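Got a sequence here, can you build the structure:
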Amino acid sequence: MKNSTISIIKQGQKKRKQRWLIVNILLIILACCLCCLMLLLGNTIYPIQDVFRSLMGETLSGVNFAVNTIRLPRMLAGFFAGIAFGIAGNTFQTMLRNPLANPDILGITAGSSVAALFCILIFQTNNTVVSLAAVTAGLLTAIIIYFLSRGKSFAIGRLILVGIGIQAMLSALISYLLMIGAQEDIPSALRWLSGSLNGVQLSSLPPLMITVLICAPIVLFLSKHLSVLELGEQSATSLGLNTNMVRLLLILCSVSMVAIATATTGPIAFVAFLSGPIAKRLVGAGQSNVIPSGLVGINLVLAADLIGQFAFEVRYPVGVITGLLGAPFLLYLLIRMNRKGSL
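A predicted model of the protein is given here:
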């Protein structure tokens, strides 16, 4: 009887690992296809061999500018921003054990947006200063939300409500900055606020790429500890986990990725909110959700950008399309949580 139980458990673990692996492979294949489409499609559709030769450094009239100057930076920005938003959103949702607890809802993205917009409209600084200001403001917003939500005991619901209030206040500050900004800078600022890959240059991508390449592996390394945190504070502490240290590292990495991604592409709506739940539905329970969330984030951003560019007569920024996808899901989630009494 004991051996049969162990055998059933092992078979279940094997099936879950196989499902996790298959889902990740399919998400990687889909992401590769979307990356290729981002490079191929535009006002002019170039043959794949010409695109490849251009990427390899060969000079081809017309192809080099379109591929290397416009399409490649756009694709890379969407790729790394998708990873950043996807992993960061899943980290907050898992760590706080609530699907509403993501950087968009908590106001962390809005904090980064205010700092970036202030630098763009008021000081008109370079990309490096904008990135540093966005990270600093994102971390400061997270700290303020944490301290304002502290009571006699830590409560996730209180933290979410405080975050929503902070987000409302920061949204008002964004509106004020748009009112006092120079008129010639307002259109580009509004385009940036909607979340857009338009006009991204290769020179502005290194901070985002370096941050993701450093922070994403750290979150992946801490994924087992993240799963333990999902059990609750008391359970995690009883298992010998240094919850404060792990939580601090996870928050630093997640906020850094969100802030840099926001400074580079603008606040692309709902990617951080959608990636974790979609990935969890795909891979099922019992496996790490970090890699699938990053892959879902990539696919959401790239697919939404392609839809915004080519599915309509008018071209829409990527954030408009992700907003259209995310808003109904948010309403559905709120209704379901209210029925369960968890809201």
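
Can you report how many residues neighbour the nearest residue to Leu159 once chain neighbours are set aside?
Nearest non-adjacent residue to Leu159, counting by Cβ to Cβ, 6 or more residues apart in numbering: Ser149, 4.0 Å away. Placement of C-beta: from N, CA and C, glycine included. Ser149: 20 surrounding residues under other Cβ atoms under 10 Å.

how close does Ser149 get to Ala101?
Between Ser149 and Ala101 the distance is 11 Å, computed by Cβ to Cβ, to the nearest Å.

is it true that Ala259 touches Gly138?
Yes. With contacts counted by Cβ atoms under 8 Å, Ala259 reaches Gly138, the gap being 3.6 Å.

Give the intersection of the neighbour lists for the two.
In terms of Cβ atoms under 8 Å, 6 or more residues apart in numbering, Ala259 and Gly138 are both contacted by the residues Ile108, Ser112.

which residues does the closest residue to Leu121 other than its chain neighbours contact?
Spatially, and ignoring its direct neighbours in sequence, Leu121 is nearest to Gly181 (3.7 Å; Cβ to Cβ, 6+ apart). Contacts for Gly181 were tallied using Cβ under 8 Å, 6+ apart; they are Leu121, Ile122, Ala189.

from the residues you listed, which single one is nearest Gly157?
Relative to Gly157, the closest of the contacts of Gly181 is Ala189; by Cβ to Cβ it sits at 34.1 Å.

what's the offset of the helix or strand where Leu21 lies from the middle of its chain?
If you go by DSSP states H and E, Leu21 is part of helix 2-40. Offset of helix 2-40 from its chain centre (Cα atoms, centre = their mean, to the nearest Å): 21 Å.

where does the stretch 51-200 of the chain dip in pLDDT?
Applying pLDDT under 70 to the stretch 51-200 of the chain flags residues 151-155.

can you pull the buried residues of stretch 204-215?
Under the neighbour-count criterion of 16 or more other Cβ atoms under 10 Å, stretch 204-215 has Ser204, Leu205, Pro207, Leu208, Met209, Thr211, Val212, Cys215 buried.

Tell me which residues touch the fourth one, please.
Remark: with contacts taken as Cβ under 8 Å, 6+ apart, Leu208 is in contact with Ala77, Phe80, Ala81, Ala84, Ser131, Ile260, Ala261, Ala263, Thr264.

Try it again at 6 Å.
Leu208 makes contact with Phe80, Ile260, Thr264 under the criterion Cβ atoms under 6 Å, 6 or more residues apart in numbering.

Isn't the second one up against Thr211?
Yes. Applying Cβ atoms under 6 Å, one finds Ile260 in contact with Thr211, separated by 4.5 Å.

surely Asp104 meets Ala272?
Yes. In this structure, Asp104 is within contact of Ala272 by Cβ under 6 Å, at 5.5 Å.

Comparing these two, which residue is more hemmed in?
Counting neighbours by other Cβ under 10 Å for Asp104 and for Ala272 shows that Ala272 has the greater number, 35 against 25.

Run a quick neighbour tally on the nearest residue to Phe310 once chain neighbours are set aside.
Once flanking residues are discounted, Phe310 sits nearest to Leu41: 6.5 Å by Cβ to Cβ, 6+ apart. Per other Cβ under 10 Å, the neighbour tally for Leu41 reads 14.

now the helices for the stretch 1-150 of the chain?
Counting by DSSP state H, counting those that start in this stretch, one finds helices in the stretch 1-150 of the chain at the ranges 2-40, 48-55, 63-64, 72-95, 103-106, 108-118, 127-148.

Check which helices and strands the fifth one is in contact with.
I take that to be helix 103-106. When contacts are defined as 3 or more Cβ pairs under 6 Å, 6 or more residues apart in numbering; DSSP states H and E, helix 103-106 sits against helix 271-283.

next one: the longest one
Using 3+ Cβ pairs under 6 Å, 6+ apart as the contact test, the elements touching helix 2-40 are helix 271-283, helix 290-310.

Format the ones you listed as JSON lines; extra columns: mean pLDDT and distance to Thr5.
Listed next are the helices and strands packed on helix 2-40 as JSON lines, based on pLDDT from 0 to 100; distance: least, Cβ to Cβ, whole Å:
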{"stretch": "helix 271-283", "mean pLDDT": "90", "distance to Thr5": "25"}
{"stretch": "helix 290-310", "mean pLDDT": "94", "distance to Thr5": "29"}
